[in-house]
Every structure is written in structure tokens, then in C-alpha cells.
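In: here is my input, please return the structure:
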Amino acid sequence: MQNIPEAVFQKMYREDGFSQWLGIENLVTETGYCKLKMQVRPEMLNGFGVAHGGIVYSLADSAFAFCCNSYNRISLSIETSITHTKAIHKNDVLYAEAKLITQSNKIGTYEVIVQNQDGEIVGVFKGICYRTEKNLITS
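Out: Below you'll find the predicted structure:
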């Protein structure tokens, strides 16, 4: 039987056209942890020839969403922020690693570090979620 965090990822990803468009690959999903991978394509570049800031933000936001929902409690973003630390270029491979920082019954705080293929940090994301009482996987 598939573990709960993996089942949550699969169910969410099936309905997440944007994460699919980004080309996100799930490397690891565990309770309170998620690591994703994606490659930057030409249509993701801005007018300066570097990745649009929304691309790294979106990758980090997806990792945050999969991570905070890994407990099988539907959790919704209430605040997020990102710091862009390095330009991202066409064909760069990005890795987003999300992890729980602190959690109560209703609120969770997460950090997502995004690195390129050379291990350089290209973004630091912080997300806060509201944890509902509802389960995503019910059986």
C-alpha cells in the first residue's frame, strides 16, 4: 500500500495543471518534507533572458503545498514570501526542498530552499499555512 504522504502528493498532482505545466517531478515526499525537481524551459524566461521570478516562486509554492498537506490534513496558504538570490537560466535544473519548521493544530510554518544543478541557492521561500480538520485521503 502507498504511504499517505505519497498518496496525498499523487492526488494533488493529478488535479494540479500548473505544477504539471512546470514539469515538476517528485523526488521525495514524506511527512513534513518534500523535494521536487524541474527544468527551466525557454517559455519560462522573461525579457532579460533569465527565468521569470514567478517560476522559482511557483516551484517553491508547489513544494510548500505538497509538504504541508503531507499530514493528510487539507492545508491552505495564508502567507508566503520569497527571496531571489541568483539568476536562473534556460535549461537550469532546479531542486526545491520543503520542510516543516513549526506546527500547531491550526498553523504550520515551512521553509523551502531552491537550488540549481550546481547546488547554488537561487531562492529562499517561507510559507505559512492554515490546517483544516478535513482529510484529503479518506480511505
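In: the longest helix seen in the chain - contacts with which helices or strands?
Out: Of all the segments assigned as helix in the chain under DSSP state H, the longest by residue count is helix 53-68. Helix 53-68 sits against helix 4-14, helix 17-22, strand 25-30, strand 33-39, strand 75-84, strand 93-103, strand 107-115, strand 121-131, with contacts defined as 3 or more C-beta pairs under 8 Å, 6 or more residues apart in numbering; DSSP states H and E. Placement of C-beta: from N, CA and C, glycine included.
In: list the buried residues in that helix.
Out: For helix 53-68, the neighbour count (16 or more other C-beta atoms under 10 Å) marks 55-68 as buried.
In: please report how far the spatially most central residue of the chain lies from residue 35.
Out: By C-alpha atoms, centre = their mean, the chain has its centre lying nearest to residue 63, at 1.4 Å. Distance of residue 63 to residue 35, computed by C-beta to C-beta, to the nearest Å: 7 Å.
In: anything in contact with each of these two?
Out: 96, 97, 98 (C-beta atoms under 8 Å, 6 or more residues apart in numbering).
In: which one of these is nearest residue 123?
Out: Among the shared contacts of residue 63 and residue 35, residue 96 lies closest to residue 123 (C-beta to C-beta), at 8.1 Å.
In: isn't that closest one up against residue 29?
Out: No - between residue 96 and residue 29 there is no contact under C-beta atoms under 8 Å: 11.9 Å.
In: quick one: common contacting residues for these two?
Out: residue 35.
In: phi and psi next, for residue 23.
Out: Phi and psi for residue 23, reported as degrees, to the nearest 10, are phi 80, psi 30.
In: ok, it - contacts?
Out: 38, 39, 41.
In: now restrict these to buried residues only.
Out: Buried by 16+ other C-beta under 10 Å: residue 38, out of these.
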